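Participant: Okay, structure incoming, though there's no sequence with it:
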């Protein structure tokens, strides 16, 4: 995703009071990643909507930096573990472990975590989506690297606009879930 497209996505999120989730593949492989993340953090300073992202941890130095940012509460970041990739450095796994993450008694701003992404291999199997229908429980819109706006991140989700042009005329904004 270009900086121009990302800035427009940030504006859309700000207009709707929604947090930014940075995904991929692996977001740290984008040569603009740290600049993009910096813009997202700066943009979130006046709201409670800190940016969220997941990493596969393969770029050890970057993953350790992300874990530190999440531990300080500047971002929310999860380490994705799955059976499809090579083993992740033990230092990275340890850096993302957070025993207080789901404790209702924790007053911590530590937003690190580890998630197993092999539990459900596709959105239909996981129950997140019903294939071939508009019945989807994805919560947010999805902005593709080319700027196309989709109703959600499901593969068959319709394109409802573009960051340059806004929403399609036949798609009522009241149905735009953010």
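Facilitator: Received it, and whenever you're ready, just let me know what you need. The shown structure was predicted, so the numbers you read here are calculated from the model rather than taken from an experiment. Numbers count the residues shown, from 1 in each chain.
Participant: Give the rounded mean pLDDT of stretch 20-31.
Facilitator: For stretch 20-31, mean pLDDT is 88.
Participant: all strands of this structure, in order?
Facilitator: With strands called from DSSP state E, the chain shows them at 21-22, 52-55, 76-81, 112-116, 142-143, 148-150, 159-162, 166-167.
Participant: so which of these comes closest to residue 29?
Facilitator: Nearest of the strands of the chain to residue 29, taken as CB to CB: strand 52-55 at 10.2 Å. Any C-beta I mention is one placed from the backbone N, CA and C, and that applies to glycine too.
Participant: Count the residues that sit near residue 162.
Facilitator: If you count neighbours by other CB atoms under 10 Å, residue 162 ends up with 17.
Participant: any chance of the strands of the chain in a markdown table, with distance to residue 6 too?
Facilitator: As requested, these are exported to a markdown table (distance: least, CB to CB, whole Å):
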| stretch | distance to residue 6 |
| --- | --- |
| strand 21-22 | 9 |
| strand 52-55 | 13 |
| strand 76-81 | 17 |
| strand 112-116 | 23 |
| strand 142-143 | 9 |
| strand 148-150 | 13 |
| strand 159-162 | 14 |
| strand 166-167 | 17 |
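Participant: which one of those lies closest to residue 9?
Facilitator: Between the strands of the chain, strand 142-143 lies closest to residue 9; by CB to CB that is 4.5 Å.
Participant: Point out the other elements, helices or strands, that the closest one touches.
Facilitator: helix 3-16, strand 148-150 (3 or more CB pairs under 8 Å, 6 or more residues apart in numbering; DSSP states H and E).
Participant: Pick the most buried one from those.
Facilitator: Each of these was scored by mean neighbour count; the highest is strand 148-150, a mean of 19, by mean count of other CB atoms under 10 Å.
Participant: The residue nearest in space to the middle of the chain: what's it in contact with?
Facilitator: Closest residue to the average C-alpha location of the chain: residue 21 at 2.6 Å, with CA atoms, centre = their mean. Residues near residue 21 by CB atoms under 8 Å, 6 or more residues apart in numbering: 51-53, 140.
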